[in-house]
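>>> Below are the sequence and a predicted model; questions follow.
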There are 2 protein chains.
Amino acid sequence: MTEVAATRRSRITPEREAELYGAVLDLLREVGYDALTMDAVAARTRSSKATLYRQWGGKAELVAKAVRHNKQPGGLGLEEIDTGSLKGDLHTLTMRSDDCEMEQNSALMRGLAMAIHGNPELLQAFRDHLIEPEMAQFRKVLQRAIDRGEVRADNPAIEFVMHMMIGGFAARTLIDEKPPTQDFLISYIDAVVLPALGVTAG
Amino acid sequence: MTEVAATRRSRITPEREAELYGAVLDLLREVGYDALTMDAVAARTRSSKATLYRQWGGKAELVAKAVRHNKQPGGLGLEEIDTGSLKGDLHTLTMRSDDCEMEQNSALMRGLAMAIHGNPELLQAFRDHLIEPEMAQFRKVLQRAIDRGEVRADNPAIEFVMHMMIGGFAARTLIDEKPPTQDFLISYIDAVVLPALGVTAG
């Protein structure tokens, strides 16, 4: 089975595959998972539905692969962020995604929020490729803040840092009807995240 | 037109209407807005599709009405919450919804997250009936904390209280794959919300 799949997979080039995944993610942001049809993917990418089904098996698999393929531009070279303060590190992390990327990620999260429930493969792809890389970044930055003595190791807010961040990100759209922006997140970090972690402004 | 609509509306009893809206909200939680069809509503409520269309015009209007009709059990009698401390008030607010209600609201938020974008009527119903009542409660409780001198009026976290709360609520599902519970929210309030507002534990 795997060999057959590999043979089939080899029929399209990596460039074409990337293009196709990009189109799937665009559609996800525009209409969400439920309204995304194989017909729409075929039309947008000028493929035949038969090819899509042969190559990916179905919508859930195609979307999960597209999410997995999605490289966060800020995901590489994280080790370089080390400004010497938690505030500096968090600001720098935030500034790595421009407002356009943030709006795209916000739309992607919205498009997938309902679908990942009841779809374990999609949930896993979502967690592995959208949530976990972000969490890994924040854990490193926090660990350095603890090592420096800036944050107490037993501060109870530590385990909620991702809830604060992802929550602020998601709630911005729900409450303010605005996409999250760098300005919003910087203000939110300074007003909420740092004080909760016991780091005083300055 | 309005008179005709009123005549038509009167064909079903308030009890039947409430039952129908309840079924629409259940379906929204189960499958989300896009996958919710008038066929499914008709089947679940043993109505005819013709009746549904005659009465509500279409899916968007029906769902918006169902959301508007949805009474938050905690929405009444808010004035009674006044424990004398912000911590006490926030805990009491949280305890008003049991874990089952929280899971239902979380599912409803998820089911609507994608749909409210690009659907102004639905967005307005969502804001008026799910977000704004919560915000009004938190504003009152916060104002009393400011009046008592517990929170400084110029604390920059004040404007983000709903982002913290709704965010924590929404992120719980995304990050932990668990529904928000009273225990989770109480821990989150103590570790994040109160410290960000400059209220020390105790």
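Received the coordinates, thanks.

>>> Summarise which helices and strands the helix ranked longest in chain A is packed against.
In chain A, ranked by residue count with DSSP state H as the criterion, the top helix is helix A:14-35. Taking 3 or more CB pairs under 8 Å, 6 or more residues apart in numbering or on different chains; DSSP states H and E as the contact definition, the neighbouring helices and strands of helix A:14-35 are helix A:38-45, helix A:59-69, helix A:99-113, helix B:14-35. For glycine as for every other residue, the C-beta is placed from the backbone atoms N, C-alpha and C.

>>> Just list what the first one packs against, helices and strands only.
Contact here means 3+ CB pairs under 8 Å, 6+ apart; on that basis helix A:38-45 packs against helix A:14-35, helix A:49-56, helix A:59-69.

>>> Please identify the most buried of those helices.
Among those, helix A:59-69 has the highest mean neighbour count (mean count of other CB atoms under 10 Å in any protein chain shown), at a mean of 20.

>>> tally of neighbours for the closest residue in space to A:Gly167 that isn't next to it in sequence?
Counting by CB to CB, 6 or more residues apart in numbering or on different chains, B:Gly167 is the residue found nearest to A:Gly167 once chain neighbours are left out, at 1.8 Å. Applying other CB atoms under 10 Å in any protein chain shown, we find 27 residues neighbouring B:Gly167.

>>> Can you tell me the element B:Gly167 falls in?
helix B:161-176 (DSSP states H and E).

>>> Show me what the helix or strand just after that helix is packed against.
Read in the C-terminal direction, the helix or strand following helix B:161-176 is helix B:182-188, with elements assigned using DSSP H and E. Contact here means 3+ CB pairs under 8 Å, 6+ apart; on that basis helix B:182-188 packs against helix B:86-95, helix B:99-113, helix B:161-176.

>>> Next, the buried residues of helix B:182-188.
B:Gln182, B:Phe184, B:Leu185, B:Tyr188 (16 or more other CB atoms under 10 Å in any protein chain shown).

>>> Turn the helices and strands packed on helix A:38-45 into CSV, including distance to B:Gly32 and mean pLDDT.
Rendered in CSV, the data for these read as follows (distance: least, CB to CB, whole Å; pLDDT from 0 to 100):
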stretch, distance to B:Gly32, mean pLDDT
helix A:14-35, 6, 91
helix A:49-56, 22, 92
helix A:59-69, 15, 88
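
>>> picking that back up, just the helices and strands packed on helix B:182-188: most buried one?
helix B:161-176 (a mean of 22).

>>> Show me how far that one is from its chain's centre.
The offset between the C-alpha centroid of helix B:161-176 and the centroid of the whole chain comes to 13 Å, using CA atoms, centre = their mean, to the nearest Å.

>>> OK, contacts around the spatially most central residue of chain A?
Centre of chain A computed as the mean C-alpha position; nearest residue by CA atoms, centre = their mean is A:Leu130, 3.0 Å away. Listed by CB atoms under 8 Å, 6 or more residues apart in numbering or on different chains, the contact set of A:Leu130 reads A:Val67, A:Asn70, A:Gln72, A:Asn105, A:Leu108, A:Met109.

>>> again with A:His91
For A:His91, the set of contacting residues under the criterion of CB under 8 Å, 6+ apart consists of A:Thr83, A:Ile186, A:Ile189.

>>> do that again at 6 Å, thanks
Contact partners of A:His91, counting by CB atoms under 6 Å, 6 or more residues apart in numbering or on different chains, are A:Ile186.

>>> same thing with A:Met135?
Contact partners of A:Met135, counting by CB under 6 Å, 6+ apart, are A:Met162.

>>> pLDDT wise, what is it at?
Looking at A:Met135, its pLDDT stands at 85.

>>> same deal with the one 10 residues further on?
The predicted local confidence for A:Ala145 comes out at a pLDDT of 96.

>>> any idea how far the closest residue to it other than its chain neighbours is from A:Lys140?
What sits nearest to A:Ala145 in space, not counting adjacent residues and going by CB to CB, 6+ apart, is A:Leu86, at 4.0 Å. According to CB to CB, to the nearest Å, A:Leu86 stands 12 Å off from A:Lys140.

>>> could you list every residue that touches the residue in chain A that chain B sits nearest to?
Going by CB to the nearest CB, chain B is nearest to A:Gly167 of chain A, at 1.8 Å. For A:Gly167, the contact set (CB under 6 Å, 6+ apart) comprises B:Gly167, B:Gly168, B:Ala170, B:Ala171.
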